[in-house]
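Colleague: how does the following fold in three dimensions:
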Amino acid sequence: MTLAFRNAEASRLAPLEHIALIWPVLADLLIFRLAIAPAFVLGLPLVLAGAAPAGMEGLPRRKKAA
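Modeller: Next comes the predicted model:
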């Protein structure tokens with residue numbers, strides 16, 4: 001990720017940092033056998049929904065066929 005920040009704008013890479021939420025959750029589930037908190041289950045879709053448009057910003061848009 002450090003090389004990515006060196007070669008790209010931070011605003012383009014920031015949404016990818018939200019994917020890092022997956023690793024601690026998997027560690028809790030698989031290593032520590034802890035249940036997922038309800039607040040996490042409700043909040044994660046909101047965070048990812050906010051990251052999706054930010055990640056697509058600056059991508060070329062498709063032209064609609066007439």
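Colleague: what's the longest helix anywhere in the chain packed up against?
Modeller: Taking DSSP state H as the criterion, the chain has its longest helix at helix 38-56. Packing contacts for helix 38-56, counted by 3 or more CB pairs under 8 Å, 6 or more residues apart in numbering; DSSP states H and E, involve helix 10-17. Every residue, glycine included, has its C-beta placed from N, CA and C.
Colleague: any buried residues in the helix it packs on, and which?
Modeller: Residues of helix 10-17 classed as buried: residue 15 (neighbour count, 16 or more other CB atoms under 10 Å).
Colleague: try stretch 51-66
Modeller: Under the neighbour-count rule (16+ other CB under 10 Å), stretch 51-66 has 51, 55 buried.
Colleague: what mean pLDDT does it get?
Modeller: The average of the pLDDT scores along stretch 51-66 is 73.
Colleague: rewinding a little: what's next to the longest helix of the chain, contact-wise?
Modeller: The contact list for helix 38-56, computed with CB atoms under 8 Å, 6 or more residues apart in numbering, reads 11-12, 14-16, 18, 21, 25.
Colleague: pLDDT below threshold where in the protein?
Modeller: Of all residues in the chain, those with pLDDT under 70 make up the ranges 1, 65-66.
Colleague: let's see 90
Modeller: For the chain, the stretches with pLDDT under 90 are 1-25, 36, 40-41, 44-66.
Colleague: wait, doesn't residue 13 sit right on residue 4?
Modeller: Yes: between residue 13 and residue 4 there is a contact at 5.5 Å, judged by CB atoms under 8 Å.
Colleague: next one: residue 33 from residue 27, what distance?
Modeller: Taken as CB to CB, to the nearest Å, the spacing of residue 33 relative to residue 27 amounts to 11 Å.
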